[in-house]
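[1] Requesting a structural model of the entry that follows:
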Amino acid sequence: MKKTFFIIILPFFIVSCNYLEEQSTPLIKTLNPPEKNEITSVAIVPFQNKSEKPGADDVLRKSFFTHFGAKGYSLIRLEEIDERINLAGIDRSKLENENLYNLGRMVKADALVFGTVTKCDKHFFGVYSQVVFSAEMKMVDARTSEVIWEAGHTEKMHSDSIPVSVLGIPMAVVDSSINVREKVIEDTVEHLVRKFMASVPCKEFCSLSGISAISIKTKSDTPMVFYTVQAGDTLYSISRKFFDDNAMVKELCQANEGISADSLTVGQELIIPAVPILNNIDEIQYIEDEKYKRAVYRIRWGDNLYKLASKAYNDAKNWRIIYDANKNEIKNIEDVPVGQVIIIPLQISRR
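    The predicted structure is shown next:
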């Protein structure tokens, strides 16, 4: 009877595992946003690791690369950066001591991102555990050596099941042991990077206007969706494009004071209200499909229509759903440029 009881409750202990993120914000040491279109390409060079956790620098660097694409810059592939540094015989641990202008030219980037992991600790106290990850980050203009952005932060995540009675101890022990697994370190880094990204200056991605009429720009620290009117556009066609509905014309007019069917002109830039912006294609699952029908997403390195459809709709064969929503913007289905903003239909993914 005791064995049966143990078998029944153990899964309950395991699935009940939760860990909490501390509410905190990074310390911004320097913030000098570049002039519009001044910085186009960015290289995230190998990070330094001053912690006792091997590989912590690689985890942070890869996560930073993944999220940095949403800022609108053209990112140099990590493999390409590493190959060029190795061929040049440069000591990866002393990159900041190199001539930044020469380093920028070598990796073909206008700006360089440096990072240092200062702490990566896992604390396990039987019924309570905590993961601590600290990092210092810096973005530098390779041409002038001017620091564009610099910040530091310590992210902490801990198990939330401190027992208040003897009966609660077994559950807390299971919860705590799960919390110190490698996956929780990756999750802690993910939270850390997201907080860093909130303060990294965005690029006004005007260089893509010839490729895509859709753009994401930051106004008063808030990312917003914009659309450049094309030949043949009407307020109704724009409403259908972004909302799959003619009824949003009124909202378009309210967001763009003074526009009307008669005043719409080719090249005019419109604010598109109430459209979710996906920083990561996986975020599609968190959007209320009853409230929104479409979202926008900025293409990152490694993206293609098949991969996006696989993540958004669980089936790569549905790539045409994305293409049909962007057929006027996508010129080559095999090679959608990094940085291009496209529309992602939402409701199909729930079927």
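[2] Where do the domain boundaries of this protein fall?
    19-197, 206-350 (automatic domain parsing).
[3] Lowest mean pLDDT across the ones you listed, which one is that?
    Note on the domains of the chain: domain 19-197 shows the lowest mean pLDDT, a mean of 83.
[4] chain center to it: distance?
    From the chain centre to the centre of domain 19-197 is a distance of 13 Å (CA atoms, centre = their mean, to the nearest Å).
[5] swap in stretch 293-306?
    On CA atoms, centre = their mean, the centre of stretch 293-306 falls 12 Å from the chain's centre.
[6] Enumerate every residue touching the spatially closest residue to Arg300 that is not a sequence neighbour.
    Excluding the flanking residues, the one nearest Arg300 by CB to CB, 6 or more residues apart in numbering is Gly69, at 3.6 Å. To be clear about C-beta, it is placed using only N, CA and C from the backbone, and glycine gets the same treatment. Contacts for Gly69 (CB atoms under 8 Å, 6 or more residues apart in numbering) come out as Leu75, Arg298, Ile299, Arg300, Trp301, Val338, Gly339.
[7] Run a quick check on Leu103 versus Leu112, I expect a contact.
    Yes. Using CB atoms under 8 Å, Leu103 is in contact with Leu112, at 6.5 Å.
[8] quick one: which of the two has more around it?
    Leu112 (25 against 21; other CB atoms under 10 Å).
[9] What helix or strand is the more buried one located in?
    strand 111-124 (DSSP states H and E).
[10] related to what we said a few turns ago, buried deepest among the domains of the chain, which one?
    Neighbour counts (mean count of other CB atoms under 10 Å) averaged over each of the domains of the chain peak at domain 19-197, with a mean of 17.
[11] one step back: roughly how far apart are the residue nearest to Arg300 and Val336?
    13 Å (CB to CB, to the nearest Å).
[12] Repeat that for Thr40.
    In this view, Thr40 and Val336 are 18 Å apart by CB to CB.
[13] got any residues that touch both of Gly69 and Val336?
    In contact with both Gly69 and Val336: Ile299, using CB under 8 Å, 6+ apart.
[14] ok so, going back, name the helices or strands packed onto the strand holding Leu112?
    strand 41-44, strand 48-49, helix 56-68, helix 100-107, strand 129-141, strand 147-159 (3 or more CB pairs under 8 Å, 6 or more residues apart in numbering; DSSP states H and E).
[15] Need the residues touching each of Leu103 and Leu112.
    Val45, Ala142.
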